[in-house]
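Trainee: Build me a model:
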Amino acid sequence: MEEKLTHQKITRFQEFRQTVFWEYLQVIIVACAAVFGLIRPFVVEAYKIPSSSMEDTLLIGDRILVCKFIYGFKIPGTETRLFDYHKPSLGDVIVFVPPHERHKNYIKRVVALAGDTVETRGNKLFVNGQAVQEDYTKYVYYDQPGFRGSSPRPQFPPFRSQPQDLPTFERWQEFSDFDEKTFERYFKDYTTSLKEYRPFVVPPGYVFVMGDNRDQSYDSRGWGPVALEDIKGRAHVIYWSQGVGAVGKNEVRLYRIGTSL
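Mentor: Numbering: from 1, shown residues only. Now for the predicted structure:
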């Protein structure tokens, strides 16, 4: 009896494979695989924000789309870029691989380009000796359980070593969404106090980046400039946003969906 039912199922499937619908379905599947296979490595990729280093531009729980072709196409497995006519501009929010953690993705804002002289005086950024007007920045330190003291970390030569706060707990979640990447986890987003350092000239082929929430961002002030070849793309739009609301429950932030960056 079971063999008969199995045979009937096989026969029905064989008949189904002879239909026009099956032929169209195969074409659709192949086309989708081809399109998404092209989109992810070359066109656009989704990321989720788990840290506060870019507040208020990007909040914890924001999900963004990153345009990967804006600075040209990078041939997989090589350092060669095609159609790299457009270079990063001042103010661009970019995704990149940092020099000190090659297996992670960071997101920061470009504040200086090759040849520019960068320095900070207190909370004020100066580029080429001129104070920069930055309406998007904030200076908020979130005190967390932990300890304060000097601890070793990569230091870029022009900047002095600073104490850092290291939380004693990890505050993050794992997500398994299709093709969605995560930036540096919250507990790795160290609180720095790099308020002042001597002027630094950005070398050719690099950009200088900083987080919008300056007191909660570990950026070029701590580990130096970012090579153009390490930039993955420019943040384009917030396509979804969900965070902890006033009553302690996750809520969708509809007002942020569709925000251009």
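
Trainee: by contact count, what packs against the longest strand seen in the chain?
Mentor: In the chain, taking DSSP state E as the definition, the longest strand is strand 231-244. With contacts taken as 3 or more Cβ pairs under 8 Å, 6 or more residues apart in numbering; DSSP states H and E, strand 231-244 sits against strand 44-48, strand 62-67, strand 93-96, strand 250-252. For the C-beta atoms, the positions are set from N, CA and C on the backbone; glycine is no exception.

Trainee: Just put those in TSV and tack on mean neighbour count and distance to V201.
Mentor: Below are the helices and strands packed on strand 231-244 laid out as TSV (neighbours: other Cβ atoms under 10 Å; distance: least, Cβ to Cβ, whole Å):
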stretch	mean neighbour count	distance to V201
strand 44-48	19	31
strand 62-67	21	29
strand 93-96	22	20
strand 250-252	12	45
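
Trainee: For those strands, give me CSV that also has distance to R198.
Mentor: Shown next, in CSV, are these (distance: least, Cβ to Cβ, whole Å):
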stretch, distance to R198
strand 44-48, 34
strand 62-67, 33
strand 93-96, 25
strand 250-252, 44
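
Trainee: I'd like those strands written out as a markdown table, with mean pLDDT added.
Mentor: Converted to a markdown table, the helices and strands packed on strand 231-244 look like this (pLDDT from 0 to 100):
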| stretch | mean pLDDT |
| --- | --- |
| strand 44-48 | 87 |
| strand 62-67 | 90 |
| strand 93-96 | 95 |
| strand 250-252 | 84 |
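
Trainee: Please report how far the spatially closest residue to V44 that is not a sequence neighbour lies from E45.
Mentor: In space, and not counting its chain neighbours, V44 is closest to L65: 5.2 Å by Cβ to Cβ, 6 or more residues apart in numbering. Between L65 and E45 the distance is 7 Å, computed by Cβ to Cβ, to the nearest Å.

Trainee: Could I get the buried residue list for stretch 50-60?
Mentor: P50, S51, S52, S53, M54, E55, T57, L58, L59, I60 (16 or more other Cβ atoms under 10 Å).

Trainee: shaky segments in the protein?
Mentor: 1-42, 74-79, 81, 83, 85, 138-197, 245-248 (pLDDT under 70).

Trainee: sorry, back to before: next, the angle strand 44-48 makes with the longest strand of the chain.
Mentor: Put simply, strand 231-244 runs at 40 degrees to strand 44-48, going by axes from the mean of the first three to the mean of the last three Cα atoms, to 10 degrees.

Trainee: List of residues touching strand 231-244?
Mentor: Under the criterion Cβ atoms under 8 Å, 6 or more residues apart in numbering, residues 44-47, 58-71, 88, 92-97, 105, 107, 207, 250-254, 256-261 lie in contact with strand 231-244.

Trainee: hey, where'd the helices end up in the stretch 151-261 of the chain?
Mentor: If DSSP state H, counting those that start in this stretch is used as the criterion, the helices of the stretch 151-261 of the chain fall at 220-223.

Trainee: Same check on the stretch 1-150 of the chain?
Mentor: Under DSSP H, counting those that start in this stretch, the stretch 1-150 of the chain gives helices at 2-17, 20-38.

Trainee: distance of G129 from G233?
Mentor: G129 is 31 Å from G233, by Cβ to Cβ.

Trainee: who's more crowded, these two?
Mentor: G233 (22 against 8; other Cβ atoms under 10 Å).

Trainee: Straight-line length of stretch 122-130, end to end?
Mentor: Terminal residues of stretch 122-130 are spaced 14 Å apart (Cα to Cα, to the nearest Å).

Trainee: list the buried ones in that stretch?
Mentor: Neighbour count says stretch 122-130 has L125, V127 buried, by 16+ other Cβ under 10 Å.

Trainee: so what's the nearest residue to P204 once chain neighbours are set aside up against?
Mentor: Closest residue to P204 apart from its sequence neighbours, by Cβ to Cβ, 6+ apart: A114 at 4.9 Å. By Cβ under 8 Å, 6+ apart, the contact list for A114 reads V202, P203, P204, G205, Y206, V207.

Trainee: Go through those and give me the one with the most neighbours.
Mentor: Ranked by neighbours (other Cβ under 10 Å), the contacts of A114 are led by V207, which has 27 neighbours.
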